[in-house]
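Asks: Show me how the following folds:
(2 chains)
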Amino acid sequence: MEPLTWTGSLSFLNILFQGALVLLMLMVVVQILVSFFATVGARAVNPDGSLSASSGVSGFVGMIVNGLFWITLGLLLVYLAGGFMMGTNAGIIGAVSRQMLPVWLALVVTFILSITYKRKLGLYGKLFDSTVGMIGFAIVMFWVFTGIFGGVFDILVTHDSLSQMSGMKNKLPGTPLARAGEEEFQWFLLGGDNLARDVFSRLIKGSWVVVQIAPLATLFAFMVGITLGLPAGYYGGRLDTFLSFLANLILAFPVILLFYLLVTPEIVQTGIPNYMAVFLFVFPLVFVTILLNSRYYTQPSFRTPLLFVVLGVLGWLYLSLVSTNGAIVDAPTYRIPGLPAVIDLFDIDPGILVVFVSVVFVNSPTVFRIVRGLAMDIKTRDYVAAAQTRGEGPWYIMLWEILPNARGPLIVDFCLRIGYTTILLGTLGFFGLGLESESPDWGSTINAGRRLLSLYPHAAIAPALALLSLVLGLNLLADGLREESLRD
Amino acid sequence: MGIFILRRLGVMLLTALCLTFIVFWLTNLYPNLEKLAKTQGNFRMSDAAVESYLGNRGYLQPTWDKFGEWLGVMPGWVTETEDGKVFGRCFQDGTPEEERATFCGILQGDWGVSTVFKDDVSSTLLTRLALTGKLMLWVLILMVPTALIVGVLAGMKEGSKLDRSLSTFSIATTATPEYVSGVIFIAVLASSRFGISPWLADMGWIDSKTLFLGSATSAMEDANFWNFFLPVLTISLYGMGYIARMTRASMTEVMTAQYIRTARLKGVKFSDIVLKHALRNALIAPFTVIMLQIPWLLNGVVIVETLFNYKGFGWLLVQAASNNDIELLLAVSVVSVVVVLVTQLISDIGYVYLNPRIRIT
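Replies: This next block holds a predicted model:
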């Protein structure tokens, strides 16, 4: 087997692509320079009295930049589309592109559906009016689909992410397997790492870890932040002083010190993460209970069964989440029994649980401060005063008057915070905390790859770029959402 | 103003106390102590040996007592072993009776002894802090002006091409954590086999093998552009985007103000409007942001010092935390809390100074 080159039989396009890319960058710089001397082209008065102006130099440069941009994009598409057709004949990029086929299909379907029905989809639909937002959404969904297809259905990966292949240690991208079986995939598309595992498959498996933990942890942090921030902002006074002091206390910790204190095997032994899980994960329950009760307490015949069902389901999930092997805390010296293993829906790996808990813990004070600030601002509005005059209870006002009106900034911050949580997860992996060392998540992979960085950079570069693109996508998405939510 | 500062100082002290107690409590949990005993003694210690090791060294007292001793408000522990040796928290074996101090905590200026470095915590901390101070100084020198220039240029004309490009740049930098940009920089600029260094070396444009050095260990004694630029750049880049975006927001707000329109209508040159009229008011908000960004830089410092092997404060934190070096870790957290709270205080006071519309009562 020949080693694969990056572009394979499409390499005749490379010179074109590079040329277009270099020219594009050059023209963008020229465009910026030109914009300093804002030249307006010649103006002419038409016979009917209207004015027409030529676009001048800057318009001309703008046209070139636009053209070059589309050429570059088109060539990129050719590389990818060539991959569907030719697979490994189109080099590494082609092979990766074919491997990712389900993801491309899912992306296309999502976009077609969303753009068709965008007027009926509220804020989500408005996202498709902003280019930046669409680019961000595409990148984020790319990784979400990659995570789901690769992590749950196991279809994108070429090799097992943990098995080591003989003779593949630190091999460059596109190296053929030394002794490949008949039905095995014949290449390591993105090379091998220092333990001779396939970087490409680990990249895809790693995306599942992030896609699983980051949004969920952010959601929990929001639940904690909202449940504590609303009363702090609405009531003010002693409660506010106390909660703000606690929040500032946690924020005064350097994040990494906190991680080192919370996420070590010794601390896991003491059961502290479990206690924190018990405490932090109860907030969604509290939130939903207050939310429903404050709305329906005037109709007890409806409220009571509703709360019964909702709390039953949530409580079951909550107990499943916090208890492992029939125990909530399982320290060497004592044991607090939890849900019996028979009706326990799922078990969380203790490593993942401690990472999850500490990420929620680090994020919630910031959310608390944002919500508190918003609540303090909104409680002075007239509609809050109207609700107070109507005699609504304080929790009804907080959750059904203030919270919906604070949703814009909160949604934007939610996107940004998922990105930040991704960065935090990477930081944990980078310091080798929490997840096991063979875990394929991006932070741990970067940590493993950085030791040989100047000799074999590909093992660390691939997850680094993946993490960068996901966080960038989330930031762009947040930017698009902010733009669109400000518009109305 | 005086009362405001006093009250803030009080809150600061309380926060520092709570925080150190949390660190103290977490590091003094039994599994952590057991690990400490095993790394300090030997790994095959029996449970009884661990117990006596810890007991002799005062680790098994109640947490509050130990915390009081560390603070210097309770008398230090004294152990008399069976073979007649007497030693304690404040003195070693063989110190004459009259020279033995009773109290030795941070109130007495004694920060304790590091178990990893076998040295005084205060001297270890000071050397490392000096090294990190050097790093931070250069980071600020690079980051602040660049961020302000980027922000002002972008905010000057909202929606222009320049604004779009610079805003994209700032979003990209905020999306790149230090461990990603550092890895990319090392691979592209500091590898003798990949990136642009081999190419530059072939062309004969650089004398050494690589454009930059991928390790900053040599920069501890002798920092120069070649071995120190990459760590500085890596830290600055992550913080830069945020400051630039805040500067841009503040600049666009100022540029729509009435007095700017008046100046334009009077026919003042655009460069004069930006430099003389807008800039001063636009720089109030970024000042606060820069001050509040400094504690965040601390995180970057830890990552970058680990990645580039620069043995400063961040490296010390990692060493202390991974070896459960209790007294060193406490000192490290005191320093970082003080940094966080002092920068907050400075930003509040500075904001009042710069913005005469705000008065603190």
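Asks: residue boundaries of the helices in the stretch 101-250 of chain B?
Replies: For the stretch 101-250 of chain B, applying DSSP state H, counting those that start in this stretch gives helices covering B:121-156, B:161-174, B:178-189, B:197-203, B:225-255.
Asks: how many neighbours does the residue nearest to A:L24 when sequence neighbours are not counted have?
Replies: Spatial nearest neighbour of A:L24, chain neighbours left out: A:L68 (4.2 Å); criterion: C-beta to C-beta, 6 or more residues apart in numbering or on different chains. The C-beta positions use only the backbone N, C-alpha and C, and glycine is treated the same way. Neighbour count for A:L68, taken as other C-beta atoms under 10 Å in any protein chain shown: 20.
Asks: Could you take the helices of the stretch 101-250 of chain B and lay them out as TSV, with extra columns for distance to A:I290 and mean pLDDT?
Replies: Shown next, in TSV, are the helices of the stretch 101-250 of chain B (distance: least, C-beta to C-beta, whole Å; pLDDT from 0 to 100):
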stretch	distance to A:I290	mean pLDDT
helix B:121-156	42	92
helix B:161-174	35	88
helix B:178-189	40	90
helix B:197-203	60	80
helix B:225-255	34	90
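Asks: Among those helices, which comes closest to A:Y396?
Replies: helix B:225-255 (34.7 Å; C-beta to C-beta).
Asks: The closest one: which residues count as buried?
Replies: Of the residues in helix B:225-255, B:226-252, B:254-255 count as buried by neighbour count, 16 or more other C-beta atoms under 10 Å in any protein chain shown.
Asks: now swap in stretch A:2-17 and tell me
Replies: Buried positions in stretch A:2-17, judged by neighbour count with 16+ other C-beta under 10 Å: A:L4, A:T5, A:W6, A:T7, A:G8, A:L10, A:L13, A:F17.
Asks: for the record, mean pLDDT for that stretch?
Replies: Throughout stretch A:2-17, pLDDT has a mean value of 81.
Asks: With stretch A:224-232 instead?
Replies: Averaging pLDDT along stretch A:224-232 gives 95.
Asks: Now the element after the helix or strand where B:G300 lies, going C-ward?
Replies: Following DSSP states H and E, one finds B:G300 within helix B:284-307. The helix or strand immediately downstream of helix B:284-307 is helix B:313-322, counting by DSSP H and E.
Asks: And the contacts of that following helix?
Replies: Contact partners of helix B:313-322, identified using C-beta atoms under 8 Å, 6 or more residues apart in numbering or on different chains, comprise A:254, A:256-257, A:260-261, A:431, B:114, B:116-117, B:124-125, B:128-129, B:131-132, B:298, B:301-306, B:309, B:325, B:328-329, B:332, B:335-336.
Asks: returning to what we had before: what about chain A: which of the buried residues of helix B:225-255 touch it?
Replies: Among those, no residue lies close to chain A (C-beta under 8 Å from any C-beta of the partner chain).
Asks: Chain neighbours aside, what residue packs nearest to the most centrally placed residue in chain B?
Replies: Most central in chain B under C-alpha atoms, centre = their mean is B:L298, positioned 2.5 Å from the mean C-alpha point. Of all residues not flanking B:L298 in the chain, A:P254 sits nearest, at 5.2 Å (C-beta to C-beta, 6+ apart).
Asks: what's the answer for A:I64, then?
Replies: Closest residue to A:I64 apart from its sequence neighbours, by C-beta to C-beta, 6+ apart: A:M27 at 5.4 Å.
Asks: Can you give me the neighbour number for that neighbour?
Replies: Neighbour count of A:M27, defined by other C-beta under 10 Å: 20.
Asks: is stretch A:410-424 up against chain B anywhere?
Replies: Yes - against chain B, stretch A:410-424 shows contacts by C-beta under 8 Å from any C-beta at A:G419, A:I423.
Asks: Show me what residue of the stretch 151-300 of chain B gets nearest to chain A.
Replies: B:A187 (3.5 Å; C-beta to the nearest C-beta).
Asks: Was I right to think that residue contacts A:L455?
Replies: No - counting by C-beta atoms under 8 Å, A:L455 is not a contact partner of B:A187; they are 10.1 Å apart.
Asks: Comparing those two, which shows the higher neighbour count?
Replies: Neighbours per residue (other C-beta under 10 Å) separate B:A187 from A:L455, with B:A187 holding more: 23 against 12.
Asks: Can you pick out the most distant pair from the buried residues of stretch A:2-17?
Replies: Using C-beta to C-beta, the two most remote members of these are A:L4 and A:F17, lying 17.7 Å apart.
Asks: what's the longest helix in chain A?
Replies: Once chain A is assigned using DSSP state H, the helix that runs over the most residues is helix A:199-235.
Asks: at contact distance from chain B, anything in it?
Replies: No - Helix A:199-235 is not in contact with chain B by C-beta under 8 Å from any C-beta; minimum separation 13.0 Å.
Asks: Where do the domain boundaries of chain B fall?
Replies: B:2-108, B:121-354 (automatic domain parsing).
Asks: Out of the ones you listed, which one sits most buried?
Replies: Of these, the one with the most neighbours on average (mean count of other C-beta atoms under 10 Å in any protein chain shown) is domain B:121-354, at a mean of 20.
Asks: what residues does stretch A:205-212 touch?
Replies: Applying C-beta under 8 Å, 6+ apart, the external contacts of stretch A:205-212 come out as A:143-144, A:146-148, A:150-152, A:157, A:161, A:422, A:425, A:435, A:439-442, A:445, A:463, A:466-467, A:470.
Asks: Show the buried residues in these.
Replies: Buried residues within those, counting neighbours by 16+ other C-beta under 10 Å: A:143-144, A:146-148, A:150-151, A:157, A:161, A:422, A:425, A:435, A:439-442, A:445, A:463, A:466-467, A:470.
Asks: Sort out for me which of the residues you listed are in helices.
Replies: Among the buried ones among the contacts of stretch A:205-212, DSSP H puts A:W143, A:V144, A:T146, A:G147, A:T422, A:L425, A:W442, A:T445, A:P463, A:A466, A:L467, A:L470 in helices.
Asks: The second one - nearest residue in space that isn't next to it in sequence?
Replies: For A:V144, the nearest residue in space outside its immediate sequence neighbours is A:V211; the separation is 5.4 Å by C-beta to C-beta, 6+ apart.
Asks: before we move on, what about the third one?
Replies: Once its chain neighbours are removed from consideration, A:T146 has its nearest residue in A:S207; the separation is 4.9 Å (C-beta to C-beta, 6+ apart).
Asks: Just the element for A:G167, please.
Replies: Under the criterion DSSP H and E, no helix or strand holds A:G167.
Asks: dump the residue contacts of it.
Replies: A:A178, A:R179, A:A196 are the contacts of A:G167 under C-beta under 8 Å, 6+ apart.
Asks: Please pick the buried ones from those residues.
Replies: A:A196.
Asks: Take the contacts of A:G167 and write them to a markdown table, including secondary structure and distance to chain B.
Replies: Output for those, formatted as a markdown table (DSSP: H, G, I helix; E, B strand; the rest coil; distance: C-beta to the nearest C-beta, whole Å):
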| residue | secondary structure | distance to chain B |
| --- | --- | --- |
| A:A178 | coil | 22 |
| A:R179 | coil | 27 |
| A:A196 | coil | 20 |
